[in-house]
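Participant: This is a predicted model, with the sequence first.
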Amino acid sequence: MNDKKIFYGWWVVAASVLIMAILHPLITTCWGLYLKPVTNDMGFSRSAFGLCSTIISGVTVFLSPYMGKWLAQKNTRMIHTICVIGLAASYASFAIGQNITHFYISAFFMGIFSCGAVALPLSIVITNWFVKKRGLAISIALAGSGFGGAIISPIMANIIQNYGWRMSYLVFAGAMVAVCLPMILIMKKSPEAMGLKAYGADEVAATAQKTSASKVELNMTLEEVKKHGFFWIYLFGMFCLCFVGFGSLSQLAAFLADVHGTAFAAEILSLFLIIVTLGKISLGWVYDKFGIRMGTSYISIVFALAIACLLVPDSKPLMYVMAVLYGLGICTGTVCPPVITAGLFGSKHYGEIYGYVNLSVYLGAALSVPAVAIVYDKTGSYQVAWFLCIALIIMSLIALLYTDMKCRSLNANRINQPSITKSIA
């Protein structure tokens, strides 16, 4: 590798940052800004509109295992391009919706295309490009959603206020195509396609010869890992973590607007989205530096404290504290699944395995958004939902730490077997 040139994998990361900056906020973080204007204008209940997110996530749940395999084995760039165009068209179609059925049809197609447009293809490609600093590379890419959301949030609020929510859907659908399609051209599937090696591959290979026990990836196939109970416990842990992330985020803007008004809600939303950018990058560094156990314990505690702050919403100063903690904690939904999955199960069969992990991520999203909305519609408050979120974070931490322990034990046993493959790619 020529040290005077920037390793091409970092250009892949940069392209991923811009893709995440547009796509992720529009379908998750900033989606809550549509909640009040759409429901007030169309006469939907919050839970009825929240079902759109459930449909999007539900379709993604169904497609994830297949999409992960297709992206890993087929023409990744072509699939990614089709999905971005389809996602933009589906997003724009909300602008012409006349009833709740129209919204649900649009959400269905958004679910189909979002599965292959956002985090899944990015994490698969970046995992191929990095052995060393993989956690940092993935977290930098996913951090795009933070600064993208911070920029999009006030712009979207302004467009909705001055031109209406229908125009907002059209404007940002156009932004999806204009920004993402050029970036996909940069996204080479693997370093081998350019005659290169993954970042740090030679260094890890040399280290592995001296300290094989610490550098051998587990690298089980999907069929092998599905036979172990700890894999299903791992999926449950990811489900719980993402249930909290998607469920709380979908209602956060409306929750704050109910208590302190729309302007304050937008201010807090922008603050925590700025923190998200720093939080994702720092979380990737924490995982690279301290490992899965320490990284997961740290971020779970921070996220639980953020949710606990929501139990006292009347205090504006505490809401600023919440914004900082929440900005760090919400990284669990994007950084943790790809980084932990690669760390536990290796990179060789990552695409296929991560398809199932993505399934659990979006199953959590599918069930959490209407669940939190229903709690509000039934009780007029989010308090019960916040207590549930704290409990699920604790359950998730236990499940993920247990999986890490079992993978370490299994890997230690496999190291002593002559047939073990010492994979570095």
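Facilitator: Arrived safely, thanks for sending. Small disclaimer: the values here were computed from a predicted structure and weren't measured. Numbers count the residues shown, from 1 in each chain.

Participant: what's the neighbour count on the closest residue to Phe94 other than its chain neighbours?
Facilitator: In space, not counting the residues next to it along the chain, Phe94 is nearest to Tyr169; the distance is 4.5 Å by C-beta to C-beta, 6 or more residues apart in numbering. For the C-beta atoms, the positions are set from N, CA and C on the backbone; glycine is no exception. Summarising burial for Tyr169: neighbours were counted as other C-beta atoms under 10 Å, giving 24.

Participant: Show me the shaky parts of the stretch 301-425 of the chain.
Facilitator: Applying pLDDT under 70 to the stretch 301-425 of the chain flags the ranges 414-425.

Participant: Enumerate every residue touching the residue nearest to Phe94.
Facilitator: 91-92, 94-95 (C-beta atoms under 8 Å, 6 or more residues apart in numbering).

Participant: May I ask which of those has the most neighbours?
Facilitator: Neighbour counts for those, by other C-beta under 10 Å, peak at Tyr91, which reaches 24 neighbours.

Participant: Secondary structure element holding that one?
Facilitator: Secondary-structure assignment from DSSP states H and E places Tyr91 in helix 76-93.

Participant: circling back to that earlier point, if we take the contacts of Tyr169, which one ends up nearest to Tyr34?
Facilitator: Of all those, the one sitting nearest Tyr34 is Phe94; the distance, using C-beta to C-beta, is 8.2 Å.

Participant: hang on, isn't the closest one packed against Phe108?
Facilitator: No: in this structure, Phe94 sits apart from Phe108 without contact. The criterion is C-beta atoms under 8 Å, and the distance is 11.9 Å.

Participant: quick one: the residue nearest to Phe94 from Leu397, how far?
Facilitator: 37 Å (C-beta to C-beta, to the nearest Å).

Participant: Also Ala266?
Facilitator: When C-beta to C-beta is the yardstick, Ala266 and Leu397 sit 32 Å from each other.

Participant: do Lys5 as well
Facilitator: Lys5 sits 42 Å away from Leu397 when distances are taken as C-beta to C-beta.

Participant: and the two? which has more neighbours close in?
Facilitator: Neighbours per residue (other C-beta under 10 Å) separate Lys5 from Leu397, with Leu397 holding more: 20 against 7.

Participant: send the alpha carbons of stretch 369-382 over as CSV?
Facilitator: Only the C-alpha atoms of stretch 369-382 are listed here, as CSV (Å, rounded to 0.1, in the frame of the first residue of the first chain):
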residue,chain,number,x,y,z
VAL,A,369,-43.3,2.6,17.0
PRO,A,370,-47.0,1.6,17.2
ALA,A,371,-46.4,0.3,20.8
VAL,A,372,-45.2,3.7,22.1
ALA,A,373,-47.9,5.5,20.1
ILE,A,374,-50.6,3.2,21.5
VAL,A,375,-49.3,3.9,25.0
TYR,A,376,-49.8,7.6,24.4
ASP,A,377,-53.2,7.2,22.8
LYS,A,378,-54.5,5.1,25.7
THR,A,379,-52.9,7.0,28.6
GLY,A,380,-52.2,10.5,27.3
SER,A,381,-48.6,10.0,28.5
TYR,A,382,-45.4,8.4,27.5
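
Participant: picking that back up, dump the contacts of Tyr169 into TSV; add pLDDT as well.
Facilitator: Putting those into TSV (pLDDT from 0 to 100) gives the following:
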residue	pLDDT
Tyr91	96
Ala92	96
Phe94	95
Ala95	94
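
Participant: Closest to Ser297 out of those?
Facilitator: Tyr91 (37.1 Å).

Participant: Show the contacting residues for that closest one.
Facilitator: Tyr91 makes contact with 26-27, 106, 110, 169, 172-173, 176 under the criterion C-beta under 8 Å, 6+ apart.

Participant: which non-adjacent residue is nearest the residue nearest in space to the middle of the chain?
Facilitator: What sits nearest the mean C-alpha location of the chain, by C-alpha atoms, centre = their mean, is Thr334, with 2.7 Å. Once its chain neighbours are removed from consideration, Thr334 has its nearest residue in Leu142; the separation is 4.4 Å (C-beta to C-beta, 6+ apart).
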